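Colleague: need the 3D shape of this:
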Amino acid sequence: MQTAFSYVRFSSAKQELGDSLRRQVKLAEDYAKEHGLHLDTKTYQDLGVSAFKGKNAVEGKLGTFIEAVEKSLIPKGSYLLVESLDRISRAEVDEALELFLRIIRSGVTIVTLSDRQAFSKASIKKDRGIGLIVSILVMIRAHEESLTKSTRIREAWLNKRNAAADGRIMTGMAPAWL
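Modeller: Numbering: from 1, shown residues only. As a prediction, the model looks like this:
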């Protein structure tokens with residue numbers, strides 16, 4: 001029986017109050033059960049860790065997973081179950097693609113649970129790269145979405161600072177130390 005590992009990630013601590021963790025874990029459990037995979041109890045979770053600049057792959061548990069694969073602590077032929085590709089990376093497309101291919105080249109099959117796609121060396125050869133092209137488009141969209149959010153937040157805070165310089169209240173909450 002092949003082994004699957006669940007990777008759960010969301011960007012902010014606020015999301016922990018919602019349903020993201022439960023939803024992602026359940027999707028992995030359901031997929032493993034349906035496909036006869038042993039779901040390892042050692043899940044890899046980056047809760048409140050952004051993938052926009054790749055922190056999850058460098059400092060986070062995704063990086064720990066990749067390191068374990070590269071040290072043969074996780075066997076080739078294993079599965080990495082993720083809700084969608086944007087859980088792995090929201091970095092610029094070249095960086096996201098490099099990370100995606102690094103995992104696949106190490107002998108791990110990446111499964112996106114939201115659309116039930118499986119990406120492996122064999123699947124890329126079989127469909128002559130069509131799935132890879134689609135995954136690149138998903139990576140582009142994920143980065144653009146994060147970039148847009150980042151820009152909007154930066155502009156909102158700039159407007160608040162400008163308003164404060166004009167004597168208006170910057171925010172409804174004072175710093176905790178006041």
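Colleague: output the below-cut-off pLDDT ranges for the protein.
Modeller: 143, 146-159, 162-163, 174-176, 178 (pLDDT under 70).
Colleague: strands along that one, start to end?
Modeller: Secondary structure of the chain by DSSP state E: the strands cover 3-10, 38-39, 44-47, 79-82, 109-112, 117-119.
Colleague: so which of those strands is nearest Thr64?
Modeller: strand 44-47 (6.4 Å; CB to CB). (C-beta placed from N, C-alpha, C; glycine too.)
Colleague: just give the nearest non-adjacent residue to the most centrally placed residue in the chain, would you?
Modeller: Note on the chain: the residue nearest the mean C-alpha position is Arg87, at 1.6 Å, using CA atoms, centre = their mean. Sequence neighbours aside, Arg9 is the residue nearest to Arg87 in space, at 4.6 Å (criterion: CB to CB, 6 or more residues apart in numbering).
Colleague: distance of Val134 from Ser106?
Modeller: 21 Å (CB to CB, to the nearest Å).
Colleague: make that Glu83, sorry
Modeller: Relative to Ser106, and taking CB to CB, Glu83 is found at 21 Å.
Colleague: can you check Trp177 too?
Modeller: Applying CB to CB to Trp177 and Ser106 gives a distance of 47 Å.
Colleague: give me the more crowded residue out of those two.
Modeller: Taking neighbours as other CB atoms under 10 Å, Trp177 and Ser106 compare with Ser106 leading, 17 against 4.
Colleague: quick one: contacts for the nearest residue to Val69 once chain neighbours are set aside?
Modeller: Distance criterion CB to CB, 6+ apart; nearest residue to Val69, sequence neighbours excluded, is Ser106 at 4.7 Å. Ser106 makes contacts with 66, 69-70, 76, as judged by CB atoms under 8 Å, 6 or more residues apart in numbering.
Colleague: return a PyMOL selection command for the buried portion of these.
Modeller: Per 16 or more other CB atoms under 10 Å, the buried members of the contacts of Ser106 correspond to this PyMOL selection:
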select buried, resi 66+69
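Colleague: hey, where'd the helices end up in the protein?
Modeller: Shown for the chain, the helices assigned by DSSP state H span residues 20-34, 55-58, 61-70, 85-88, 93-105, 121-126, 130-165.
Colleague: the fifth one versus strand 3-10: what angle between them?
Modeller: Using axes from the mean of the first three to the mean of the last three CA atoms, to 10 degrees, the inter-axis angle of helix 93-105 relative to strand 3-10 is 160 degrees.
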